[in-house]
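J.: have a look; sequence and predicted model below, questions after that.
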Amino acid sequence: MGPDPPVTLLIRVLAGLAAALALVGALAQPTTLRTLPQDAPRGYLTHVRENLVRLDGRQLKLAPGAQIRGANNLIVQPAALPKDSLVKYQLNASGELFRAWVLTPEETARKDPTAPQGGIDAGRPFSEIVPKPAPEPLLGAPKKP
């Protein structure tokens, strides 16, 4: 014999409730919306070593509690940061990197209010803005004088 009818009904109701909760949970996934500070300048950020980064060619220390957020808005460890990432950033009062946000292609395409006329985002496509890495010199190649 099968289970009692009230038990079968309870199992069906609980299974339906679980399916409904799963559906509501899937629909309630937050979309990644982030607001970047309007006054934050853009720059190219690369991890150098330990708590040192290179921002637009100058070497800076990371501030205590510094955060680097990826294009998906998750925190990125400095060593995992792609080389020459285009970011918006904030420095603390000591000139250390406090916050940085890796820009998405959509954010890069927006006009940057902090850029001088004809600056980094002068209406160029994202693929033209990101610098191409220089080729690595061959090992054992003679050095140019």
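T.: Ah, there it is. Numbering: from 1, shown residues only.
J.: contacts only, for the closest residue to G65 other than its chain neighbours.
T.: Excluding the flanking residues, the one nearest G65 by CB to CB, 6 or more residues apart in numbering is F98, at 7.9 Å. (Glycine included, C-beta is placed from N, CA and C.) By CB atoms under 8 Å, 6 or more residues apart in numbering, the contact list for F98 reads A63, G65, A66, Q67, Y89, Q90, L91, N92.
J.: where does the second one sit relative to N92, distance-wise?
T.: Relative to N92, G65 is positioned 9 Å away (criterion: CB to CB, to the nearest Å).
J.: same drill for those two, tell me which one is more crowded.
T.: N92 (15 against 8; other CB atoms under 10 Å).
J.: low-confidence ranges in this structure?
T.: Counting by pLDDT under 70, the chain has low-confidence residues at 1-4, 23-32, 116-145.
J.: longest single helix anywhere in it?
T.: Determined from DSSP state H, the single longest helix within the chain is helix 5-27.
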